[in-house]
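Novice: next come a sequence and a model predicted from it.
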Amino acid sequence: MTYLSAMRPEELLTPTPSGVCCQTGGFHIDPTRPVDKAVITHGHSDHARPGHGAVLATQETLDLMRLRYGENFAGKTQVAKLGETIRLGSASVTFHPAGHVLGSAQIAVESNGCRIVASGDYKDVPDPTCAPFELVPCDVFITEATFGLPVFRHGDPNGEIARLLHSVSVFPERAHLVGAYSLGKAQRVIALIRQGGYDKPIYLHGALEKITHYYQSRGIDLGELRPVRGTDKAELAGAIALCPPSSLQDVWTRRFPDPVPCFASGWMRVRARARQRGVELPLVISDHADWDGLTATIAATGASEIWVTHGQEDALVHWSRSRGLKARPLAIVGYGDEDESDGTADGATSETPGAPS
């Protein structure tokens, strides 16, 4: 179903160098520069930046921003509950689950008969650590395109975890180090490992502790977790430890007995990337929709117009146009940097051997 719009989409939301702007509501969505009023989809650093005058987001996203940036990350904050509609100027915004990470939301913006949904980052597969993606019919759908090429089909994450646990059983004398981004991916991988039947302690790099403990405080059951810091090398034989991806090539790995470098990411579909990082066991597990998820979601929204941002924009624009939809790339610079930083700034604890903790 397609909504009949009295207002042109560009009159409701306008792409700018700072992100998508709603002039009638006086706010930006996931702005890449400090603005007076920001509506934030989720806590990843490429979408949630400090320095805004005011921030509207879910409770979890606000909490995560405080953990990462400190109490004074914004002039003021307001909590948005999922499903709640909030009036901003002459526009209304409603937060809907995005299924990306804890607290992640799509933002539906409406005014004068026009509804635009900004997806933020999203995935359409089950995740035990966050609310599932909710389909929201709309006139215009603003979609991410991180994995917007047909080559990216992620497959079954439980199958990838089974490969990890099989390797652990085959090499009981070796430690398995799983590189995973600090917000969302690390906690999801731990939850999937638990679902796979592994009940032994799982070890954490210091950079993952703060956010992982926050997940536990929100009722996410991750089983027994222990810090790598201060653990004897012999105790780590046969263990599973999670760390930022950058740590897989760091001196930090020397504290483990004959470590097996693993990396949980949708990018592990590209074997050259795994070889480049020295990954022995690539795990294709992503918190973003793959090609099939992106195209299925676009079709299911009923939107007649698609705006594509941060990722493989051209391929998804071409696919949309080939289905008779109006489509355009937004080409906003500044998204997609979370994976590059690995979230290592979240850990105040030094993990290099011999360094103070």
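Specialist: Arrived safely, thanks for sending.
Novice: pretty sure residue 117 is touching residue 142, no?
Specialist: Yes: with contact defined as CB atoms under 8 Å, residue 117 and residue 142 form a contacting pair (6.7 Å). Backbone N, C-alpha and C define where each C-beta goes, glycine included.
Novice: how near is the residue nearest to residue 145 when sequence neighbours are not counted to residue 135?
Specialist: Nearest non-adjacent residue to residue 145, counting by CB to CB, 6 or more residues apart in numbering: residue 311, 3.3 Å away. With distances taken as CB to CB, to the nearest Å, residue 311 is found 20 Å from residue 135.
Novice: try residue 199
Specialist: In terms of CB to CB, residue 199 sits 35 Å off from residue 135.
Novice: between those two, which one's more packed in?
Specialist: residue 135 (14 against 10; other CB atoms under 10 Å).
Novice: on the three-state scheme, residue 189 is what?
Specialist: helix (DSSP: H, G, I helix; E, B strand; the rest coil).
Novice: what's the distance between it and residue 317?
Specialist: Counting by CB to CB - residue 189 and residue 317 are separated by 32 Å.
Novice: now do the SS call for residue 226.
Specialist: Applying three-state DSSP: residue 226 is strand.
Novice: also the one 3 residues further on?
Specialist: Residue 229 carries the three-state label coil when classified by three-state DSSP.
Novice: need the pLDDT of it.
Specialist: As predicted, residue 229 sits at a pLDDT of 96.
Novice: can you report how many residues lie near it?
Specialist: Residue 229 has 16 nearby residues by other CB under 10 Å.
Novice: ok, back up a step: out of residue 189 and residue 317, which sits in the more crowded spot?
Specialist: Taking neighbours as other CB under 10 Å, residue 189 and residue 317 compare with residue 189 leading, 27 against 21.
Novice: report the contact partners of residue 120.
Specialist: 30, 41, 42, 47, 98, 100, 104, 105, 106, 107, 144 (CB atoms under 8 Å, 6 or more residues apart in numbering).
Novice: can you tell me the closest non-neighbouring residue to it?
Specialist: residue 41 (2.8 Å).
Novice: so what's residue 247 closest to, chain neighbours aside?
Specialist: residue 205 (5.8 Å).
Novice: and residue 51, how many neighbours?
Specialist: 15.
Novice: surely it and residue 36 touch.
Specialist: No: judged on CB under 8 Å, residue 51 makes no contact with residue 36 at a distance of 11.0 Å.
Novice: low-confidence bits of this structure, can you list those?
Specialist: The chain contains residues with pLDDT under 70 at 1-6, 334, 336-357.
Novice: tell me how it divides into domains.
Specialist: What automatic domain parsing lists as the domains of the chain is 9-151+287-342, 157-285.
Novice: hang on, the earlier thing: for the contacts of residue 120, which one is nearest residue 84?
Specialist: residue 105 (10.5 Å; CB to CB).
Novice: just list whatever residues bridge to that closest one.
Specialist: As for beta bridges, residue 105 partners with residue 97 under DSSP bridges.
Novice: hmm, back to that, with neighbour count and distance to residue 154 added, can I get the contacts of residue 120 in CSV?
Specialist: Output for those, formatted as CSV (neighbours: other CB atoms under 10 Å; distance: CB to CB, whole Å):
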residue, neighbour count, distance to residue 154
30, 27, 23
41, 26, 21
42, 30, 19
47, 28, 21
98, 30, 17
100, 29, 14
104, 32, 17
105, 31, 22
106, 28, 20
107, 28, 25
144, 28, 14
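Novice: got TSV for those residues, with distance to residue 287 too?
Specialist: Formatted as TSV, the contacts of residue 120 follow (distance: CB to CB, whole Å):
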residue	distance to residue 287
30	16
41	13
42	10
47	13
98	10
100	6
104	9
105	14
106	15
107	18
144	11
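Novice: quick check: phi and psi on residue 311?
Specialist: phi 150, psi -150 (degrees, to the nearest 10).
Novice: pretty sure it contacts residue 121?
Specialist: No: with contact defined as CB under 8 Å, residue 311 does not count as touching residue 121 (9.6 Å).
Novice: so what sits against both of those two?
Specialist: 144, 146.
Novice: neighbour count for those two, which is higher?
Specialist: residue 121 (28 against 22).
Novice: what's the closest non-adjacent residue to the more buried one?
Specialist: Per CB to CB, 6+ apart, closest to residue 121 is residue 100, 4.4 Å.
Novice: ok, now which ones touch that neighbour?
Specialist: 42, 120, 121, 122, 123, 130, 184, 287, 288.
Novice: and the residue lying closest to the last one once chain neighbours are set aside, how many neighbours?
Specialist: Pointing back at residue 288 there. Nearest non-adjacent residue to residue 288, counting by CB to CB, 6+ apart: residue 146, 4.4 Å away. In terms of burial, residue 146 registers 24 neighbours under the definition other CB under 10 Å.
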